[in-house]
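Colleague: Attaching a predicted model along with its sequence, questions to come.
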Amino acid sequence: MKSKDTRKTGFDKFKNILDFWATNSEEGGWNISSTDEGSQKMLEEESDKQVKIQTGSDVVDDFIIDEDTSDDERMIVNMGPQHPSTHGVLRLQAELEGEVVRRVKPIIGYLHTGMEKTGEELNYFQGPTNTTRMDYLSPLFNELVFSLTTEKLIGIEVPERAKTIRVLMTELNRISSHLVALATGGMDIGALSMMIFGFRERELILNFFEKTTGLRMNHNYIRPGGVAADLPDGWQKDIKEILKVIPEKLQDYDDMLLDNPIWKGRLKNVGILTTEECFAYGVTGPSLRASGYEWDLRKSQPYSDIENYDFEIPVLNEGDVFARWRVKVLEIFESLKIVEQAMEKMPKGPYKVQDKKITPPPRKRLDESMEALIHHFKIYTEGFKVPEGDAYVAIESPRGELGCYIVSDGSSKPYRMHVRGPSFCNLQALPVIMTDSPIADAVAAIASLDPVIGDVDR
Amino acid sequence: MNPEIVETNLDDYKKLVESLKSDGFEMMVDLTVVDWFRKKEPRFEIIVQLLSTIHNARKTIKVFVNDEDLTIPSITQIYPSANFYEREAYDMFGIIFADHPDLTRILMPDDWQGYPLRKNYGSGRIPVQFKNAPKVD
């Protein structure tokens, strides 16, 4: 039980601010951002206090005005929500001092559609239809994490073929998602050919998705108990085409950008995010790996038997926008490796659990079997019941740790369904990246974090 | 009992989070709330997910908050990543995080009334009138 005295009064809050001023106003002043070049070096040279501030273990309000500058040198600029480089409807309030960004506040919620509330009204069988719309660039991951959480609550294991199909499809989805990140990132920085290239190659994968799942996006393909349908006839041919074309095209991107002086000049030493800052702000995925820390849930906490595949985790040490771009390119190569192995080892057998209480029977059986008809009817009208309990499952989405927390009260609908979107958490690092860097780098910084606003706002 | 799940009370909550951070749980990955309206007492359950990349382990902290009080210490001083999550919890459930640097609504509009993810907040309670659609009584 809670005692009343821990509730903070207005005075206590005010006192905290005063304490904060008193304890922080010595040693080095207020220039606490580490996002400019040489922040790694700074970490070695600065005092403990400064390092603590830098690494985020000492929370500092970024919104401190340097008293020396007069008000007329400062300007508050609003960017978005309708802005092509904000990747959706992200709005940023930036305070500029000349050309330099001094404070940034991301304002989100413009795409909030209450999906977690909707998730409480849909049963487990309908759940993936809802979650697939969250991160619309990697819909299969959302379906996978929802299905894995539901399966953990029920305590079932899906067949080998279903697992392999899941791995194949999600890794293809990782490639298509990274291709969009490269394309839009290129567009934001001015490499307009990159935009066309990225979307062109993505089309190959989306065509395969359309063939397999029926839709280009929002597939509702991975469901609790397996996948919705088997792979189409001649799928190996399409995969071989993808495996052949995409590495060639990636070589084209490298020829165009890797040694391009403009590209390097715009991206290198821009928007540095250290490993400590990543930990402090919960940044996961390619951004964490670009800051020199090897952490990938596919290796450390594997799902769908992905640990049996042979692949590497690309890690770069610079932590700047260039490294975050490069990690995504390298990850596409690794995903291609996984896709190839999945294609070769694809086992025969059922593609969903044979428990008729959980997965609907094949359509053809409905004409022959009364029981199949009853199961079909039951699943499509009231769904299946899930035992009481709660579970949190996390997988490695193209943007980082994608988690799903479901609380079940024993009925056929989740009592509470919460999705931990990686973009939501990664966006908190945006002020760290952007502060004290020129306004021209702001767009590159947003693009490198690759936020999907559908995932942020849900 | 699962060793990954720790249940605690409000007085020990912040201390527990601090000690877990010094034990190597360097990342706070998720904070969410479950509303046990008329099912459990106290009503709100706050669930914090911590991740240790060094030990490759996860920890789930569960704290219950009373319906009348609704106040819980903020952990933004320990984990800055809690900032958005605590704002989301405030926005959706009305949980007040004491000492949070900027406790405002994050997803809903600033002038929104009520807390949408509470169980007694029915969906569809606000009628939506689409443009040029025939009026429904």
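Modeller: Perfect, I can see it now. Note that the coordinates shown come from a computational prediction; the quantities given were computed from them, not determined experimentally.
Colleague: got any ranges where chain B has weak pLDDT?
Modeller: B:1-2, B:135-137 (pLDDT under 70).
Colleague: can you give me the helices for it?
Modeller: Here chain B has its helices, by DSSP state H, at B:10-22, B:82-93.
Colleague: so of those, which one's packed in deepest?
Modeller: Greatest average neighbour count among the helices of chain B goes to helix B:82-93 (a mean of 24), per mean count of other Cβ atoms under 10 Å in any protein chain shown. All C-beta spots, glycine's among them, are computed from the backbone N, C-alpha and C.
Colleague: what's the angle between that one and helix B:10-22?
Modeller: On the basis of axes from the mean of the first three to the mean of the last three Cα atoms, to 10 degrees, helix B:82-93 is oriented at 150 degrees to helix B:10-22.
Colleague: Run the chain-centre distance for helix B:82-93.
Modeller: Helix B:82-93 sits 6 Å away from the centroid of its parent chain (Cα atoms, centre = their mean, to the nearest Å).
Colleague: Okay, now the unreliable bits of the stretch 1-150 of chain A?
Modeller: Across the stretch 1-150 of chain A (using pLDDT under 70), the flagged ranges come out as A:1-72.
Colleague: Name the nearest residue to the residue of chain B found nearest chain A, sequence neighbours excluded.
Modeller: Chain A sits closest to B:Ser81 of chain B, with a gap of 3.2 Å, by Cβ to the nearest Cβ. Distance criterion Cβ to Cβ, 6 or more residues apart in numbering or on different chains; nearest residue to B:Ser81, sequence neighbours excluded, is A:Gly282 at 3.2 Å.
Colleague: Most distant residue from the centre of chain A?
Modeller: A:Glu368 (44.8 Å; Cα atoms, centre = their mean).
Colleague: sorry, back to before: quick one, which of the helices of chain B is nearest to A:Thr435?
Modeller: Closest of the helices of chain B to A:Thr435 is helix B:82-93, at 15.2 Å (criterion: Cβ to Cβ).
Colleague: circling back to that earlier point, my guess is the residue of chain B closest to chain A contacts B:Met28, does it?
Modeller: Yes - B:Ser81 is within contact range of B:Met28, at 5.1 Å (criterion: Cβ atoms under 8 Å).
Colleague: overlap in contacts of the two?
Modeller: Residues touching both B:Ser81 and B:Met28 (Cβ atoms under 8 Å, 6 or more residues apart in numbering or on different chains): A:Gly282.
Colleague: What's the local residue count around the closest residue to chain B within the stretch 201-350 of chain A?
Modeller: Across the stretch 201-350 of chain A, the shortest distance to chain B (Cβ to the nearest Cβ) belongs to A:Gly282, at 3.2 Å. Neighbourhood size, A:Gly282 [other Cβ atoms under 10 Å in any protein chain shown]: 29.
Colleague: what secondary structure does it sit in?
Modeller: coil (DSSP: H, G, I helix; E, B strand; the rest coil).
Colleague: for it, what are its contacts?
Modeller: A:425-426, A:428, B:27-29, B:79, B:81.
Colleague: Kindly recompute the last result at 6 Å.
Modeller: Contacts for A:Gly282 (Cβ atoms under 6 Å, 6 or more residues apart in numbering or on different chains) come out as A:425, B:27, B:29, B:81.
Colleague: out of these, which is most surrounded?
Modeller: Of the contacts of A:Gly282, A:Cys425 is surrounded by the most neighbours, 28 neighbours in total, counting by other Cβ under 10 Å.
Colleague: Tell me if A:Phe311 really is in a helix.
Modeller: No - using three-state DSSP, the assignment for A:Phe311 is coil, not a helix.
Colleague: Over to it: give its phi and psi.
Modeller: Backbone torsions for A:Phe311, taken as degrees, to the nearest 10, come to phi -150, psi 160.
Colleague: Please apply the same query to A:Gly285.
Modeller: Backbone torsions of A:Gly285, given as degrees, to the nearest 10, read phi 80, psi -150.
Colleague: Quick check: phi and psi on the residue nearest to it when sequence neighbours are not counted?
Modeller: In space, A:Gly285 comes closest to A:Gly400 once its chain neighbours are excluded; the distance is 2.9 Å by Cβ to Cβ, 6+ apart. Dihedral pair for A:Gly400: phi 140, psi -160, per degrees, to the nearest 10.
Colleague: correct me, but A:Gly400 touches A:Ser287?
Modeller: No - counting by Cβ atoms under 6 Å, A:Gly400 stays clear of A:Ser287, with 7.2 Å between them.
Colleague: Quick one: name the residues of chain B near chain A.
Modeller: Contact residues, chain B versus chain A (Cβ under 6 Å from any Cβ of the partner chain): B:10, B:26-27, B:29-30, B:32, B:34, B:49, B:53, B:56, B:66, B:69, B:71, B:76-77, B:80-81, B:84, B:98-99, B:101, B:107, B:116-117, B:123.
Colleague: Please, a PyMOL command that selects the buried ones among those?
Modeller: Burial among those is assessed by 16 or more other Cβ atoms under 10 Å in any protein chain shown; the matching PyMOL selection reads:
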select buried, chain B and resi 10+26+27+29+30+32+34+49+53+69+71+76+77+80+81+84+98+101+107+116+117
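Colleague: same for the helix or strand hosting A:Ser448, what does it pack against?
Modeller: Taking DSSP states H and E as the definition, A:Ser448 sits inside helix A:439-449. Applying 3 or more Cβ pairs under 6 Å, 6 or more residues apart in numbering or on different chains; DSSP states H and E, one finds that helix A:439-449 contacts helix A:160-189, helix A:321-345, helix A:430-434.
Colleague: Quick one: name whatever helix or strand follows it.
Modeller: Toward the C-terminus, helix A:439-449 is succeeded by helix A:453-457 as the next helix or strand (DSSP H and E).
Colleague: Tell me who's in contact with the closest residue to A:Lys385 other than its chain neighbours.
Modeller: Spatial nearest neighbour of A:Lys385, chain neighbours left out: A:Ser412 (5.2 Å); criterion: Cβ to Cβ, 6+ apart. If you count contacts by Cβ under 6 Å, 6+ apart, A:Ser412 has them with A:123, A:382-383, A:385.
Colleague: A:Leu231 too?
Modeller: If you count contacts by Cβ under 6 Å, 6+ apart, A:Leu231 has them with A:Thr212.
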